[in-house]
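> Sequence first, then the predicted structure, then my questions.
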Amino acid sequence: MQGQGQSQVEGNGDTVVRFGGDAKTERPLGRSIKRGMLCRCPNCGEGRLFRAFLKPVDTCAVCGEEIFHQRADDLPAYLVIVVVGHVLMTGYMLTDMVLRVSPWVHLAIWVPLAVLAALVTIQPIKGGVIGLQWAYRMHGFSGHEDDAIEPIAKPRQNEPTA
Ligand SMILES: [Zn+2]
């Protein structure tokens, strides 16, 4: 029995029955993030995700997947601060327990290291964010643009106001 809005997908010998729409291609979250962090297209894993430092391609050169829907915005920067901040702060505190050096030496060590670590990690993290948005079909990745938000207090027509 196969009715409207119901599809069957064969996989691993099992029959998967999906309700509520046509069969969309699978977008595993972990694989998509991993491919993004390797700076590869989350769809095919082959094409490059960035055309320049932190500049994503518009479309994948290999599979043609539209990448320009991404809206990573400043989430990658927040994630870099969380990750690099925790790692370097731990390193600073452990070093300070072992070595008694002046604050200037710590500054000379940790500030350049923080800048370097941020520059090295931000592009893979941005790729991972794009992979996550693609996997969850956020923004235009679903095949249609985000719906415009309806005005809340839209006055109805043909309705007495008093
Ligand atoms: Zn691709």
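Yes, it's here.

> the helices in this structure, which residues?
29-37, 75-98, 103-135 (DSSP state H).

> Could I get the ones you listed in a markdown table, plus columns for mean neighbour count and mean pLDDT?
For the C-beta atoms, the positions are set from N, CA and C on the backbone; glycine is no exception. As requested, the helices of the chain are exported to a markdown table (neighbours: other CB atoms under 10 Å; pLDDT from 0 to 100):
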| stretch | mean neighbour count | mean pLDDT |
| --- | --- | --- |
| helix 29-37 | 19 | 96 |
| helix 75-98 | 13 | 95 |
| helix 103-135 | 17 | 96 |
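
> what residues does the protein put near the ion?
Residues of the chain lying near the ion by CB under 5 Å from the ion: 41, 43, 44, 47, 60, 62, 63, 65.

> could you dump those residues to CSV with pLDDT?
Output for these, formatted as CSV (pLDDT from 0 to 100):
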residue, pLDDT
41, 97
43, 95
44, 95
47, 96
60, 96
62, 96
63, 95
65, 94
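
> Closest to residue 95 out of these?
residue 41 (40.0 Å; CB to CB).

> ok now do the closest one, which residues does it touch?
Going by CB atoms under 8 Å, 6 or more residues apart in numbering, residue 41 touches 35, 47, 48, 49, 60, 62, 63, 65, 67.
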